[in-house]
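Chemist: any chance you could fold what I've pasted below:
(2 chains)
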Amino acid sequence: MTTSQIAPNVSRRALLKGGALTVGFVLGGGRLEPIAVLAQGAAQAAAPARVLDPKEVDAYLAVNGDGTVTVWCGKVDLGQGLRVAIPQIAAEELGIGLDKITYIEGDTALTPDQGRTAGSYGIARGGMQIRQAAATARKALVEIAAQRLGVPAETLVAEGGAVRPKAGGTGLGFAELIGGKRFDLKLDPKAPVRDPATYTLVGKPLPRPDVPAKCTGTLTYVHDFAVPGMLHARMIRPPALGAHLVAVDEASVAGLAGVRVVHIKDFLAVVAADEWTAVKAARALKAQWTEGSGLPAQDQLPAVLKASPGATEQVLVTKGAEAPRPDGAKTLQATYFWPMQSHASIGPSCAVADVKPDSATVWTASQGTHGNQDTFARFLKLPKDKVRLIYLDGAGCYGMNGHEDAAADAAVLSRAVGAPVRVQWSREDELGWDPKGPAQLIDIAGAIDAAGKIRDWRTDMWIPENTRGLPSIPLLAPEAAGLDQMPGLNSGQIAQNGDPPYRTDRVQVVAHWLKTSPLRPAPLRSPGKPANCFAVESFLDELAAAAGLDPLALRLQGLTNPRGIAVVEQVAQMMSWQARPSPGPGRDAPVGRGRGIAYIHYKHEEAHVAIGMDVAVERSSGAIKVERVACAHDCGQIINPDGVRAQVEGSILQTLSRVLMEEVRFDQKRVTSTDWSSYPLLTFSDVPKLDIVLIDRPTDPPLGAGEAACAPVGAALANAVFDATGARLRTVPFTPERVKAALGGQAATPRT
Amino acid sequence: MPRYEIRLNGTSRTIESADPDQPLLYALRGLGLTATKFGCGLGQCGACNVLVDGKAMPSCRATVAETAGKSITTLEGLGTPAAPHPLQAAFIAAQVPQCGYCTSGMIVSAAALLRETPKPSEADIRAALDGNLCRCGTHVRVVRAVLAASGQTGQAGQGG
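Modeler: Numbers count the residues shown, from 1 in each chain, chains lettered A, B, ... in the order given. Model prediction:
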């Protein structure tokens, strides 16, 4: 692409210099009026001398010669709004207008390593580093001004891009104080941050700068990116998992002009000058593969997980002691199952790589450009500092979809053909070969007395282990091509929230860490927590039903955290909750109606979220209609309320899709759910009314908003279906067949 | 190389393609019109929807030969950042996109709906967009934006 494709008044600037694209967002408040030409030049000029140490102020921000500010962030914007939220934080803390900020993200050559954009830490960790950098910088600016003006620093204030006397009068602009120079300061954890009562930017629903370009087709996604001389490639995957390539019939694509077949051990791809020719060649190429290593029968998966050999038991939580149970105490046991799910990105993964003998540049939508520098350097056998990964927008990926794999494919191919290569995965590649959110099998046993006191609770979970020290997850290309990479498994922090957030005499949570996973796992939005909260919060309702208690009252009786109580009470009020046990009175109606609630204190230290649902269940078809979702969300200090709201909306709808319809299907050779009819997503006709209340706590730390609202969705829905019908769903997804089976009294529990 | 004349975003254009079965999608993107996105190649997701003689169609399923002589409108043809189509303006005001990959197809499908039904009900909008998949969960905002663009509410800017 060239800059000429980008209208001069779009707030994203992209330019090619020295073979590397640098992308910056100029924060023009999202307006469509022309904006001043800003710090492109400064960003470019600064590139060779960039400070990348995350402990240094200069790694995150610079005052340019014209008084504008450039902010560099190692975390990336996946559509969750960091591109406005982080500049809001930086501009607020520095004391400068948002329109004076140029924002550069996710380029290993330009931005500090702030860790993967994951775990809901974009603001809570990434943003707070930048807040502290800006606070340190502001303190320095005030001190420099105090010296120049010969007045005490306490008499000065930084605002509007200048340091001025508090009493009024002219001051010194940031450019005069330090424009074009380094701060040469470490982040000072003691540098005072602004009083939230004085905020003018943080807490405002300011528009995201990338939205106009996304709505007019002028944003350069990685899918749209091109460099001169770039070739187009498609991958050819084995017909069975673990199959090895025996022979390739290159003559099968001889009729297609300019096609080159790249075959390295089990790595197979076609490369062509144009994309359509590559697509046709991939379809036409004939290859012979061995049989493969095999997969378990789909319906045996829960039993296979439980019987996996070599699992390591780990007691994650043990609190309290067994107490004598009073007469009338009820003891229950239940098994819950969450299937493997795909990231199911709307755009199949894509990447561009330009690998030269002594260096590599990779354009990728990876959520972890820095973390992948080591991975790519290792399999390309290049020094880490010769491998540059540059983030470009991709289709939403929510954890780790195929973006990194496509990037590795492109890198291997670029080296093989000696030219820049763009790899575009097919739909079948993406749903078949993206790393999957893992299956989770969860047993819970517990006891409740007649007064609603939980006497005992034990959770056992069968989940894939996380390999210690694994940088991300093993990628397909190095694996197939026999290149060096670290083996192992990683699904993120999937064991959290296995214990109830309620008063309990005794609690134990035991993880059974599995050495293998049927399909390669990876973190998928809110890793593990949707399943764990589904099990824990469903089981709480099962205990409530056994004791004949109202499920809301049981929660409020057991909760101790006031912020938890606040979100649960908020949802109860939104739903005009009537106190009574479940199931409700209409359970035998042809269309049963019911309500359910679930709560999470995310990771036991982050956001508090309660979700309530109103559902209708048609007995004859087993169809669930979610009519309304009510959500109360407390993620501490809110930087951008519209951004948080969008994340909460997305978390709820995406997880509703996962709970109602998503399950990776496979036969004994391979994944078979490789299109949108076999792996359906929620559509407009399934979308309920959403009522969301955000509780802002401006004087508390921000806790993250990208994931927490995913977690309670499954249990709120299962509890509502139970309230509507008396049928308890313990296996995701809640397909009409499963609902009908549960209504008919058949086991709704996974077979183990 | 065979040539196919089309009317593209209001201008006569010639597509050269050795293969008459090349999907329109690749031809459009090859011309630099990259707003139209590849999503599935199966006509199942709506990400590549364009207007063909005013009707929304997946450009991954229409070949260059079939579209010869027809009028094609892509997202770029609806409006620009400086002069956005009312739907684009409403999508921006409602801050609809998250990743934004489905947005082009959404706006194109909505434009086809508004040609036929200038004041659609919420049910009309849901039905018209049911073939457009969104993974980020922006559906509620999409509906709000289409209602706003059809002049039925003034509230596209109010989030959530």
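
Chemist: low-confidence ranges in chain B?
Modeler: Counting by pLDDT under 70, chain B shows low-confidence ranges at B:154-160.

Chemist: taking it, what residue is nearest to chain A?
Modeler: When scored by C-beta to the nearest C-beta, chain B has residue B:35 as its residue closest to chain A, at 2.3 Å. Any C-beta I mention is one placed from the backbone N, CA and C, and that applies to glycine too.

Chemist: how close does the residue of chain A most remote from its centre sit to residue A:742?
Modeler: In chain A, the residue that sits farthest from the middle, by C-alpha atoms, centre = their mean, is residue A:150; the gap is 49.7 Å. For residue A:150, the distance to residue A:742 equals 79 Å [C-beta to C-beta, to the nearest Å].

Chemist: one more: residue A:144?
Modeler: Taking C-beta to C-beta as the measure, residue A:144 and residue A:742 are separated by 69 Å.

Chemist: more neighbours: which of the two?
Modeler: More neighbours surround residue A:742 than the other of residue A:144 and residue A:742, with 24 against 18 (other C-beta atoms under 10 Å in any protein chain shown).

Chemist: quick one: list the elements packing against the biggest helix by length in chain B.
Modeler: Secondary structure of chain B per DSSP state H: the longest helix is helix B:103-116. Using 3 or more C-beta pairs under 8 Å, 6 or more residues apart in numbering or on different chains; DSSP states H and E, the elements in contact with helix B:103-116 are helix A:211-216, strand B:49-52, strand B:55-58, helix B:75-78, helix B:86-93, helix B:122-128, helix B:139-149.

Chemist: tabulate these (CSV), appending mean neighbour count.
Modeler: CSV is the format used below for the helices and strands packed on helix B:103-116 (neighbours: other C-beta atoms under 10 Å in any protein chain shown):
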stretch, mean neighbour count
helix A:211-216, 28
strand B:49-52, 26
strand B:55-58, 20
helix B:75-78, 24
helix B:86-93, 25
helix B:122-128, 17
helix B:139-149, 25
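
Chemist: among those, which is nearest residue A:556?
Modeler: The closest of those to residue A:556 is helix B:139-149. By C-beta to C-beta, the value is 29.2 Å.

Chemist: any part of the closest one near chain A?
Modeler: Yes: Helix B:139-149 lies within reach of chain A by C-beta under 8 Å from any C-beta of the partner chain, at B:139-143.

Chemist: can you list the domains in chain B?
Modeler: Domain assignment for chain B by automatic domain parsing gives B:3-77, B:86-149.

Chemist: repeat that for chain A.
Modeler: Taken from automatic domain parsing, chain A resolves into A:3-219, A:223-291+A:343-433, A:440-743.

Chemist: in what helix or strand does the spatially closest residue to residue A:81 that is not a sequence neighbour lie?
Modeler: In this structure, residue A:81 finds its nearest non-sequential neighbour in residue A:643, 3.5 Å apart by C-beta to C-beta, 6 or more residues apart in numbering or on different chains. Residue A:643 belongs to helix A:641-661 when assigned by DSSP states H and E.

Chemist: which SS class is the residue nearest to residue A:495 when sequence neighbours are not counted?
Modeler: In space, and not counting its chain neighbours, residue A:495 is closest to residue A:511: 4.9 Å by C-beta to C-beta, 6+ apart. Of the three states, residue A:511 takes strand under DSSP: H, G, I helix; E, B strand; the rest coil.

Chemist: show me the beta-bridge partners of residue A:511.
Modeler: Note on residue A:511: beta-bridge partners by DSSP bridges are residue A:314, residue A:461.

Chemist: pretty sure it contacts residue A:464?
Modeler: No: with contact defined as C-beta atoms under 8 Å, residue A:511 does not count as touching residue A:464 (10.4 Å).

Chemist: so what's residue 111 up against?
Modeler: All of this refers to chain A. Applying C-beta atoms under 8 Å, 6 or more residues apart in numbering or on different chains to residue A:111 gives the contacts A:52, A:59, A:72-74, A:104-105, A:370.

Chemist: oops, I was thinking of chain B
Modeler: B:51, B:56, B:73, B:78, B:85, B:87.

Chemist: if we ignore the residues flanking it in sequence, what's nearest the second one?
Modeler: Going back to what we said before, that points to residue B:56. residue B:112 (3.8 Å).

Chemist: equivalent analysis for the first one, please.
Modeler: Excluding its sequence neighbours, the residue lying closest to residue B:51 (C-beta to C-beta, 6+ apart) is residue B:73, at 3.9 Å.

Chemist: got the domains of chain A as TSV, with mean pLDDT and distance to residue A:332 columns?
Modeler: Formatted as TSV, the domains of chain A follow (pLDDT from 0 to 100; distance: least, C-beta to C-beta, whole Å):
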stretch	mean pLDDT	distance to residue A:332
domain A:3-219	85	32
domain A:223-291+A:343-433	97	33
domain A:440-743	97	6
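
Chemist: could I get those domains as TSV with distance to residue B:13?
Modeler: Output for the domains of chain A, formatted as TSV (distance: least, C-beta to C-beta, whole Å):
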stretch	distance to residue B:13
domain A:3-219	16
domain A:223-291+A:343-433	17
domain A:440-743	31
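
Chemist: mind checking which of those is nearest residue B:67?
Modeler: With distances scored as C-beta to C-beta, the stretch of the domains of chain A nearest to residue B:67 is domain A:223-291+A:343-433 (14.5 Å).

Chemist: how far does the closest one sit from its chain's centre?
Modeler: Centroid separation for domain A:223-291+A:343-433 versus its chain: 23 Å, with C-alpha atoms, centre = their mean, to the nearest Å.

Chemist: after whichever strand or helix holds residue A:571, which helix or strand is next?
Modeler: Residue A:571 belongs to helix A:562-574 when assigned by DSSP H and E. Sequence-wise, the next helix or strand downstream of helix A:562-574 (DSSP H and E) is strand A:591-601.

Chemist: returning to that earlier point: please narrow the contacts of residue A:111 to those residing in strands.
Modeler: Counted as lying in strands by DSSP state E, out of the contacts of residue A:111, are A:72-73, A:104-105.

Chemist: what is the nearest of the residues you listed to chain B?
Modeler: residue A:105 (14.6 Å).

Chemist: so how far is residue A:640 from that closest one?
Modeler: In terms of C-beta to C-beta, residue A:105 sits 16 Å off from residue A:640.

Chemist: do the same with residue B:10
Modeler: Residue B:10 is 38 Å from residue A:640, by C-beta to C-beta.

Chemist: number of nearby residues for the residue nearest to residue A:495?
Modeler: Residue A:511: 21 neighbours (other C-beta under 10 Å).

Chemist: for it, give me its contacts.
Modeler: A:313-314, A:316, A:461, A:463, A:495, A:498.
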